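Colleague: I would like to see how this sequence folds:
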Amino acid sequence: NGWLEMDEKRRSGGASTRRPGQRWQPRKEIRLLPEAFLGGVPFLLTVCAAERRALLTDERFGWEAYRAMPLAAEKTGATLWCGVVMPDHTHLLVSAVDGKSPLDVGSCFKRLVTIEARKLGHSGALWQRRVHDRGIRTDFNHDPAAVIRYVLDNPVRRGLVSSWERWPFSHLHPEIGLTP
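Modeller: Take a look at the predicted model:
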């Protein structure tokens, strides 16, 4: 019985919806259908460090993550509206081209930063396996500045700086003008 449970955990990546007396079933996949990504809908991506470790407090690592934000968007053909690198996670507000997933930006970002992190001597798992995505529909069309400010104000809400402009790891699309 113990071996069967361990095998079920292995097959499901550690997650199972099995209760005692029930047959094993893998967890339901909760990703959006490809149609959700049509039309360049902006998505807020959150890429978290493994175990929410504060690995981005290493300033060299933080700069590599900062440089990787626009590069990941460019490599995947997406638009990066804004992004902010925090000590244990990164937020990216992106719009992907039709038919492509904004999650590609998150995966590319993780890959680019991991390559540089290895050069800096970081080892082991750096990121959580999944990227959290949230479609920004009505809010962005109604008031894009409010959504962008929400992302950029992360270091302010965390008490790291007094204004988002003071956080060195904030990125704002060059065509967007935000006043403090």
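Colleague: grab the nearest non-local neighbour of residue 173.
Modeller: Counting by Cβ to Cβ, 6 or more residues apart in numbering, the nearest residue to residue 173 once its immediate chain neighbours are dropped is residue 81, at 5.1 Å. Just so you know, the C-beta spots here come from the backbone N, C-alpha and C atoms, and that holds for glycine as well.
Colleague: just the pLDDT for the one you found.
Modeller: The score at residue 81 is 90. That number is its pLDDT.
Colleague: again with residue 54
Modeller: Residue 54 is given a pLDDT of 80.
Colleague: any idea how far the closest residue to residue 66 other than its chain neighbours is from residue 77?
Modeller: Nearest residue to residue 66 in three dimensions, chain neighbours excluded: residue 169, at 4.6 Å (Cβ to Cβ, 6+ apart). Note on residue 169: its distance to residue 77, by Cβ to Cβ, to the nearest Å, is 24 Å.
Colleague: more neighbours: which of those two?
Modeller: residue 169 (20 against 12; other Cβ atoms under 10 Å).
Colleague: surely the more buried one touches residue 61?
Modeller: No: contact criterion Cβ atoms under 8 Å: residue 169 and residue 61 do not qualify, at 10.3 Å.
Colleague: which parts of the chain are helices?
Modeller: Ranges of helices in the chain, per DSSP state H, are 2-11, 59-76, 103-119, 138-142, 144-152, 154-157.
Colleague: low pLDDT regions in this structure?
Modeller: Within the chain, the ranges that satisfy pLDDT under 70 run 1-39, 56, 98-99, 137-142, 177-180.
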